[in-house]
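Colleague: Structure for this input, please:
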Amino acid sequence: MGNAREIQGRMRSIKDTMKITNAMYMVSSSKLQKARRTLKNTEPYFEMIQDSLAKILDKAPEAGNVYFDKRKEKDASVRTAGYLVITADKGLAGAYNHNVIKLAESKMAEDGPDMLFVVGQLGRHYFEKKDIPVDIHFRYTAQNPTMNRARHIARRLVNLFEEEELDDLYVIYTKVVNSMNFEAVCKKILPLNEDKIEFQDTELVDKYDEAVFVPDAETVFKHIVPDYVTGFIFGALVESFCAEHNARMMAMQSATDSANQMLRELSIAYNRARQAAITQEITEVVSGSKANKKD
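Modeller: Got it, this is the predicted structure:
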């Protein structure tokens with residue numbers, strides 16, 4: 001270990017780093033709470049959209065066939081799968097980005113052609129570095145998920161499915177399991193699954209009995225589907241945003257704890273170095289005094 005002055009310099013450096021990690025922790029905590037409130041406030045709207053789709057299918061089961069078309073006549077080797085990969089714009093979030101990218105690579109390694117769509121700078125930079133072509137760069141910051149951005153993404157992807165350029169559409173994002181755990185998941189959006197479109201509010205089922213669809217159920221269904229997909233994508237963006245800041249909070253807390261441990265060890269080493277320096281000074285003074293007496 002170095003002398004007392006060197007140890008003091010290291011301790012000051014660690015304390016400065018702790019100020020940064022504590023600040024990043026507080027910022028991530030604030031953004032996390034805000035994102036959760038936003039998601040909670042929008043949930044009733046998208047639940048109502050799902051109720052509307054469920055009622056249309058109840059009254060007109062033939063509506064929206066284009067969105068339920070699984071295109072079974074296509075072999076797996078020629079089916080085009082599209083993957084919307086949601087990453088972060090920044091690092092310092094543990095394995096958050098690595099887990100999403102690893103899952104995306106494993107899915108795209110399966111048989112059949114793929115189309116790749118990316119949200120987040122780290123994801124774009126990674127795939128560009130690996131020479132993996134990205135079909136659409138949604139150059140939105142992952143730090144601020146909004147409804148307008150989710151709607152724009154949804155309409156682009158739904159159009160690709162309608163034009164049969166895509167046969168399957170997946171979203172790869174990070175889901176928050178609880179405050180301590182989160183995992184990268186891959187969820188299928190299109191084609192739609194009839195079993196998953198059901199009433200969220202069972203009390204409203206009877207109130208739809210007199211519903212009239214203008215101009216017809218098929219047109220209304222086609223108009224609502226992009227909003228339904230928008231809700232899923234917006235939820236994935238916000239979930240990923242929450243998971244990112246949750247991961248960053250954990251990383252910053254771990255860094256702060258490590259810094260505190262280093263400070264404790266350096267404090268002990270500083271006290272020892274200081275005591276050794278004092279002992280050496282006393283020894284030199286005593287030795288000098290004895291030498292003077294002999295003279």
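Colleague: Tell me where the stretch 51-200 of the chain is predicted with low confidence.
Modeller: Counting by pLDDT under 70, the stretch 51-200 of the chain shows low-confidence ranges at 60-61, 63-64, 111-112, 142, 179-180, 195-200.
Colleague: Over to stretch 69-78 now: how far is its first residue from its last?
Modeller: 16 Å (C-alpha to C-alpha, to the nearest Å).
Colleague: just how off-centre is it within its chain?
Modeller: Computed by C-alpha atoms, centre = their mean, to the nearest Å, the chain-centroid distance of stretch 69-78 equals 31 Å.
Colleague: cool, stretch 137-145 as well?
Modeller: 11 Å.
Colleague: Alpha carbons only: can I get it in PDB?
Modeller: In PDB, the C-alpha atoms belonging to stretch 137-145 read as follows (Å, rounded to 0.1, in the frame of the first residue of the first chain):
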ATOM      1  CA  HIS A 137     -34.300   1.900 -37.700                       C
ATOM      2  CA  PHE A 138     -36.900   3.500 -35.400                       C
ATOM      3  CA  ARG A 139     -34.600   6.300 -34.300                       C
ATOM      4  CA  TYR A 140     -36.500   7.200 -31.200                       C
ATOM      5  CA  THR A 141     -34.800   7.500 -27.900                       C
ATOM      6  CA  ALA A 142     -35.700   4.500 -25.600                       C
ATOM      7  CA  GLN A 143     -35.500   6.900 -22.700                       C
ATOM      8  CA  ASN A 144     -38.900   8.500 -23.400                       C
ATOM      9  CA  PRO A 145     -41.500   6.000 -24.600                       C
END
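Colleague: Which SSE is immediately downstream of the helix or strand encompassing residue 137?
Modeller: Residue 137 is part of strand 136-138 when elements are defined by DSSP states H and E. Next helix or strand after strand 136-138 toward the C-terminus (DSSP H and E): helix 147-162.
Colleague: What are the contacting residues of that next one?
Modeller: With contact meaning C-beta atoms under 8 Å, 6 or more residues apart in numbering, helix 147-162 is reached by 42, 66-67, 82, 84, 115, 117, 119, 136, 138, 140, 166-167, 169, 189-191, 225-227, 229-234, 237. C-beta: built from backbone N, CA, C; applies to glycine.
Colleague: All the strands of the chain, in order from the start?
Modeller: 81-86, 114-119, 136-138, 168-176, 182-190 (DSSP state E).
Colleague: Contacts for the third one, please.
Modeller: To tie it back to what came earlier, the one meant is strand 136-138. Against strand 136-138 from outside (C-beta under 8 Å, 6+ apart): 115, 117-119, 124, 149, 152-153, 156.
Colleague: again, but for the last one
Modeller: Contacts made with strand 182-190 from outside it, assessed by C-beta under 8 Å, 6+ apart, are listed as 67, 83, 96, 99-100, 102-103, 107, 157-158, 161, 166, 168-177, 229, 232-233, 236, 243, 246-247.
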